[in-house]
Structure formats: structure tokens, C-alpha cells
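Undergrad: Prediction below, plus the sequence it came from.
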Amino acid sequence: MSVLVNKNSKIIVQGFTGSEGTFHAEQMIEYGTNIVGGVTPGKGGQEHLGKPVFNTVEEAVEKVGADTSIIFVPPAFAADAIMEAASAGIKVIITITEGIPVADMVKAANYVKDRDCRLVGPNCPGVITPEEAKVGIMPGFVFKKGNVGIVSKSGTLTYEAADQVVRQGLGITTAIGIGGDPIIGTTTKEAVELLINDPETECVVMIGEIGGQLEADAAKWYKASGSKKPVVGFIAGETAPAGRTMGHAGAIVGGSDDTAQAKKKIMREHGIHVVDSPAEIGKKVKEVMG
Amino acid sequence: MNLHEYQGKEILASFGVRIQRGLVAHNAKEAVDAAKQLTAETGTGWHVIKAQVHAGGRGKGGGVKLAKNLKEVEELAGQIIGMNLVTPQTSAEGKRVHKVLVAEDVYYPGDSETNEFYMSVLLNRGTGRNMIMYSTEGGMDIEEVAEKTPHLIFTEEIDPATGLLPFQARKIAFNLGLSGTAFKEMTKFVTNLYKAYVESDSNMFEINPVLKTSDDKIMAVDAKVSIDDNALYRRKAYAEMRDLREENPIEVEAREVGLNYVDLDGNVGCMVNGAGLAMATMDLIKMAGGEPANFLDVGGTADAKRVEEAFRIILKDPAVKAILINIFGGIVRCDRVAQGVVDAYKNMGDAINVPIIVRLQGTNAELAKEIIDNSGLAVHSAVQFQEAADKVKEVLS
């Protein structure tokens, strides 16, 4: 088992023929991901990378049975692309695009909320289930198959964590990059919940950063769930000063309860194995898994 | 992107929000002219001279003063313009004041008591919706109100599908204890304020105080406005309001070359790909006994040109005693980055006068280490994250 994406996912790329879409679609296909086509309005009927191009997501759902989408559409049009996918019945919408206006995401998140679908991102590295499907921009070779689930707001820190886990002789069930924006579709809590409920996942790594309440919510849910699966946590940004945005629009300390220290304290109080050093994530996973 | 008070008020007024009127002045003479013009237009007798800098708590630092005649306008404007204003939100050196807002006096006596409220519009990250936060306790530090009398802070969340509804505006006015003319004024104020927030693509409005005047008008006496950077492409007029003098000059330069850089107080510079890994690297520097001198995300393409630009930016900070480069190569191959570091180092010659620690992990990491080790340059290389930390400790001692 795995979560969100697997070898049977029928994946389309929105923004397929653009430079980002093309580059990463090639990488995903090379990895063995089941890309069934793509969408670029106005280029329907063409073929790109050996796959059909459609004008609309609806058409892609009808003709090739798409159920998953990855979005590389530029920021000004990305929220519309998310809503189009949701409207067409796509079940998992993974949005890589960085820099979407917040007002657009308020609308898109509200639109998606009442529909039968899950949004991941935006501004995220995507989701990977090793040896089955890479639906994102991560380097596939870092992620070996195994029993550790990863949830993270950050791209390269996800790769770092996966690499450390793999170096301990372990592997990954699914790694979910949830994104670093103020509004994201899948929260830390929801991603942790998915992984805890996955029978193959035996341990979850939860990587957060300063700003917001997502990690605290996840920690509270975890304790209340009574799960015996260990969770290892790390929060980046202990040294970041208040009031300054650290790269991700969501990574900003607003009050005393969203600093790295405060988050780590809550996580510890709710049974999460927190490491202070980002270099010790892998070691800790090995330790708690026995 | 943060705006000055006068710019924020300009935006509010353009959406029909009543504001305390004022004119900008860059020197004492302009201030006197502004005061005269304002008296002619508004009938105000006294004037408030307000320093225009991007920092809260201006009054506490002596940046807001009441002038009771034109002579005082000239004196006070002369004092404030050019001063280094120190407030609880600035550094110890303070912020240089380049201009003041000469504003009308709105606390004139009349039939009823004046009353100050607090109001802000912002995103509730938990629900993904905008909300209006407001309080009867205006004119003071809202963090203090939240701590001492949290029951006096109210919030009203707005459904993105409908926008602010009339009953919500009424509820806010009732909760603020208003009636009659002031009640009607407040509903209009709130409605227009929310419209301004949405249509200007702002991500923060803070109006403190919102004043009920002695003749029952509701107006914004101050305005802290921040526009969503991601939306500036479609708000060109607001984008032009950016005042680069209010920003850190190194950060401005970094942005121009497409680097995401935040200046910090420490002694170890860092260059990292990805925001999360960059923060984690800063944390590791601290654990190794150093203090991070900056946050710097070089992004996805760490080639020689970008590495060189990043070096130049980091080295502008004289406090930097060492530089840690931490790149997790995924799509970017580490050997390319390593070659970039070597080329940049050679191009810059003597400009690099501090020890460099390079940690490259991911695609072709071992090959990258070989390139660094064989370059003959005074660069320490590492592959594991912990190794990099140990090397930082080593060069600092």
C-alpha cells in the first residue's frame, strides 16, 4: 500500500507543453510514472512526449480516464487550473506552482473544499511513492522503497530526510510535500493521518517550519488517535527572527505560539520524537523503529 | 510589500474609506506649506506631524507630535525629518526618517466623546479565509489587549463565495457599542475597508486607531497596509509605491539578481537551495557554535553565475567569518554546482577572504567532492550534513 499516488494512478500534467511541464513530465515518465496525457488550452489534439494533449481537463478525464493531475501552470492562472481539475472530477490535484496570489488561493481552496477531491500544495515538491509513481519534481533516486512515510513543507529538506532514512538501510512508503504557502490544500495533520492509516507505513517523519499552527494540529490529532506508530519530527527555523519571511510565504513567526521552540514543545508533549538537529532525522527514525 | 501610512491611506480613500486627511512633506518648509493647505481644505487648527517609516510604535519613539501653530509645525517637522527613529519594532540604530505626514487634528471637541477602536483585516491560515479582527480597545498595542483582555477582541470570518455580508458589518458596529449616525458610519467604513482589502490584493490591513470623532464620523487615523508580493504583477500602481530606502540594501540587491536573501546578525554566511533546507542549515550553524549571518535560497539553478552572485551578496556583510554552502542536488547535479563554486572562486580572486565549507549531497555528490578537493582552493568539502556542521565548528575555533 501507499497513499495518494501509486502505479495505477492515471496522471495528467496541466501546463504540459510549457518548459517546466515538459521537463518534469519527461523525468516523471522516465521514472515509470503512469502519465496518460496532458492539458494545454489551445493545443488539444496534438501529441507531446508521446502522450495526447487535451484542451480541457474534462476531456482528459473522458478520453483517458485521468484521476490525478500535476499542475505546472504559471502563478497567474494556477488557481483556475486547480478549480478546473476539481470541477472535472480529478481526485488528487498536486500543485507545484510557486507564487500564486493569496486571494486566488482563498477562492481555489474554498472551491475544492466541498468537492470530492484532495489538493496537495501549492508551492510543493509533489508526492512520490517509490518504484510506483513520482508525481513531482523530486530526484527519484533518493527515495528507496520501504516503510517510512514523510510529510514535509519543504522540498530539499524532504530529499535530505529521505536520504538520511535510506542511509540507515530503511526506505519510504510515500513522501508528501505539502508546500510552504499560507494556504495549502492538504495540511500536516491530514497527511500524517493518511500515513498513520496506511498499513505499510510503520513510522512517519513530520518536517515543519516556523509559522502557522499546522504541526501543533497534527501533534494533537496524533496523540488523540492513540496510534502506536512512532512519529519523528523536526521544525526548521529555530534561528529565524520574528516578523521576517524565510523564503516560504508561510514561514514567518507571527506570535509566541508559532516559533520553532513552541512547536517542538507541543510536539514533544503529544508523543512525537523531536530532533533538534536536522542532521539526526535518519538516526532517530532508525532508533524509534528498533 | 509594506507601505507607508500615507500610501495605505491613499488606497483606503480610493475605496471610499474615510481617513484622517494629510499631506506629505520632505522638509520643514514643505511641512508649513502642507499645514497651510490642510487648514484651508479642512479647517483644522492644529496639525499632527507623523514620521513616515516602515515600523510600528512611532509615537513611542517620538516620531508623532502635535503642532499647535505653524511655528511648531516647522520646528517639529525639522526635528523629525532626518532623525533616526528608534521604536520597539526597529533595530537599536533606528530608521532614518525621510518624510513626514502633516495630518489634520481629528480629536477636536464636540457633542459626543471621541472613541478609539482597533480593526484589522487578515488571512486566517487555519481556515483559509479572510477575517476582520476588531476591538473596542483602540489606540494601544493589540498584543497587550490580546493578553490582558482577550474577551474584548472579536473576529468576523468572511465566506469567499459571498464576500462580507451586510449583517456582518452591522454585527461589528453593534459589538463596538455604536448607535445612530456613528453606527451607520461604521457599517459603511467596514464594508468599504473589506472591499479595499480584497481589490488591492492586500494581505494585511491594520487600522489602529479607528476613530469615532466627537461629531460621530468614523475614520482611519493610522493605516498599516501590506500588499501580497505574488499579486504585484496585477497591481502595478501599488508596486510603484515600493520605497527601497525602507529596505535592507543588500536584500534589495539580492532580489534584483533573483536571490532570496534575508540579512541576519550572525557570523556564518550560508548559501542553500530551498527555503526549508536553508532554515535547517541556519539552525545547524547555531548548533555548531556559530550564528547565521543570513538566509539565502539560491533556488533550483545553482550554476557558476548564481553561485558567484550569491558569494558577492554574502560577502557584503563584513561580519561574515565563514561561508557554508549546502546544496542538495536533485535535478541540479552536484558536480555542476561544484564546478560553479570553483569557477566563481577563481573569478573572484582575492574577494573571498573567509573559509568556505561546501557540502554537496545528492546526484553525483562524490564526483563533486573530488572536484572541490582537487581544485587546489582553500575550500573544505563535506558530504553528510553532520560533517558540514563539524567543519563549521572547526573553522570557527
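TA: Nice, thanks for sending it over.

Undergrad: which regions of the stretch 201-350 of chain B lie under the pLDDT threshold?
TA: Along the stretch 201-350 of chain B, the parts satisfying pLDDT under 70 run over B:301-302.

Undergrad: For B:Tyr345, which residues are in contact?
TA: Contacts for B:Tyr345 (C-beta atoms under 8 Å, 6 or more residues apart in numbering or on different chains) come out as B:Phe311, B:Ile352, B:Ile356, B:Ser375, B:Leu377, B:Val379. (Glycine included, C-beta is placed from N, CA and C.)

Undergrad: Filter these down to the buried ones.
TA: B:Phe311, B:Ile352, B:Ile356, B:Ser375, B:Val379 (16 or more other C-beta atoms under 10 Å in any protein chain shown).

Undergrad: tell me the helices in the stretch 101-250 of chain A, going along the chain?
TA: Assigned by DSSP state H, counting those that start in this stretch, the helices in the stretch 101-250 of chain A fall at A:102-113, A:155-167, A:188-196, A:214-225.

Undergrad: which of these is buried the deepest?
TA: Among the helices of the stretch 101-250 of chain A, ranked by average contacts under mean count of other C-beta atoms under 10 Å in any protein chain shown, first place goes to helix A:155-167 (a mean of 27).

Undergrad: just checking, what packs against it?
TA: If you count contacts as 3 or more C-beta pairs under 8 Å, 6 or more residues apart in numbering or on different chains; DSSP states H and E, helix A:155-167 packs onto strand A:145-152, strand A:172-177, strand A:203-209, helix A:281-289, helix B:275-287, strand B:322-329, strand B:356-362.

Undergrad: Tabulate those (CSV), appending distance to B:Lys346.
TA: Formatted as CSV, the helices and strands packed on helix A:155-167 follow (distance: least, C-beta to C-beta, whole Å):
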stretch, distance to B:Lys346
strand A:145-152, 36
strand A:172-177, 36
strand A:203-209, 36
helix A:281-289, 35
helix B:275-287, 25
strand B:322-329, 15
strand B:356-362, 13
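
Undergrad: Quick one: closest of those to B:Ser397.
TA: B:Ser397 sits nearest to strand B:322-329 of all the helices and strands packed on helix A:155-167, at 11.0 Å, using C-beta to C-beta.

Undergrad: hang on, the earlier thing: which of the buried ones among the contacts of B:Tyr345 sit farthest apart?
TA: Pairwise across those, and taking C-beta to C-beta, the largest span is found between B:Phe311 and B:Ser375, at 14.9 Å.

Undergrad: hmm, back to that, the contacts of B:Tyr345 also near chain A: which ones?
TA: Checked against chain A using C-beta under 8 Å from any C-beta of the partner chain, these give no members in range.

Undergrad: related to what we said a few turns ago, as a markdown table, the helices of the stretch 101-250 of chain A with distance to B:Val272 would be great.
TA: Formatted as a markdown table, these follow (distance: least, C-beta to C-beta, whole Å):
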| stretch | distance to B:Val272 |
| --- | --- |
| helix A:102-113 | 25 |
| helix A:155-167 | 8 |
| helix A:188-196 | 22 |
| helix A:214-225 | 21 |
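
Undergrad: would you turn the ones you listed into CSV with mean pLDDT and distance to B:Pro318?
TA: Converted to CSV, the helices of the stretch 101-250 of chain A look like this (pLDDT from 0 to 100; distance: least, C-beta to C-beta, whole Å):
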stretch, mean pLDDT, distance to B:Pro318
helix A:102-113, 97, 37
helix A:155-167, 95, 29
helix A:188-196, 98, 40
helix A:214-225, 97, 37
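
Undergrad: Identify the residues contacting A:His273.
TA: A:His273 sits next to A:Pro230, A:Val231, A:Val232, A:Gly233, A:Lys284, A:Glu287, A:Val288 when contact means C-beta under 8 Å, 6+ apart.

Undergrad: Next, give phi and psi for it.
TA: Dihedral pair for A:His273: phi -80, psi 100, per degrees, to the nearest 10.

Undergrad: any idea how far whichever residue of chain B sits closest to chain A lies from A:Val253?
TA: Of all residues in chain B, B:Gly276 sits closest to chain A, at 2.1 Å by C-beta to the nearest C-beta. Separation of B:Gly276 from A:Val253 (C-beta to C-beta, to the nearest Å) stands at 15 Å.

Undergrad: Looking at those two, which one has more neighbours?
TA: B:Gly276 (32 against 21; other C-beta atoms under 10 Å in any protein chain shown).

Undergrad: can I assume the more buried one is in contact with A:His248?
TA: Yes. Between B:Gly276 and A:His248 there is a contact under C-beta atoms under 8 Å: 7.2 Å.

Undergrad: Pull up the overlap in contacts between the two.
TA: The contact sets of B:Gly276 and A:His248 overlap at A:Lys153, A:Ser154, A:Gly180, A:Glu209 (C-beta under 8 Å, 6+ apart).

Undergrad: now, which of those lie close to chain B?
TA: Restricting those to those near chain B - C-beta under 8 Å from any C-beta - leaves A:Lys153, A:Ser154, A:Gly180, A:Glu209.

Undergrad: and which of the residues you listed is nearest chain B?
TA: A:Ser154 (2.1 Å).

Undergrad: Arrange the contacts of A:His273 in a markdown table, one row each, with neighbour count, pLDDT and distance to chain B as further columns.
TA: Conversion of the contacts of A:His273 to a markdown table gives the following (neighbours: other C-beta atoms under 10 Å in any protein chain shown; pLDDT from 0 to 100; distance: C-beta to the nearest C-beta, whole Å):
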| residue | neighbour count | pLDDT | distance to chain B |
| --- | --- | --- | --- |
| A:Pro230 | 19 | 98 | 21 |
| A:Val231 | 26 | 98 | 18 |
| A:Val232 | 28 | 98 | 14 |
| A:Gly233 | 28 | 98 | 13 |
| A:Lys284 | 22 | 98 | 13 |
| A:Glu287 | 14 | 97 | 15 |
| A:Val288 | 14 | 97 | 19 |
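
Undergrad: now, among the residues you listed, which is nearest to A:Val148?
TA: Nearest to A:Val148, judged by C-beta to C-beta, of the contacts of A:His273 is A:Val232 at 8.7 Å.

Undergrad: The closest one against A:Ile272, yeah?
TA: Yes. Counting by C-beta under 8 Å, A:Ile272 is a contact partner of A:Val232 at 7.3 Å.

Undergrad: any shared contact partners between those two?
TA: Here A:Val232 and A:Ile272 have A:Met206 as joint contacts, going by C-beta under 8 Å, 6+ apart.

Undergrad: As a markdown table, the buried ones among the contacts of B:Tyr345 with secondary structure would be great.
TA: Shown next, in a markdown table, are the buried ones among the contacts of B:Tyr345 (DSSP: H, G, I helix; E, B strand; the rest coil):
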| residue | secondary structure |
| --- | --- |
| B:Phe311 | helix |
| B:Ile352 | coil |
| B:Ile356 | strand |
| B:Ser375 | coil |
| B:Val379 | strand |
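
Undergrad: Fine by me, we can end here.
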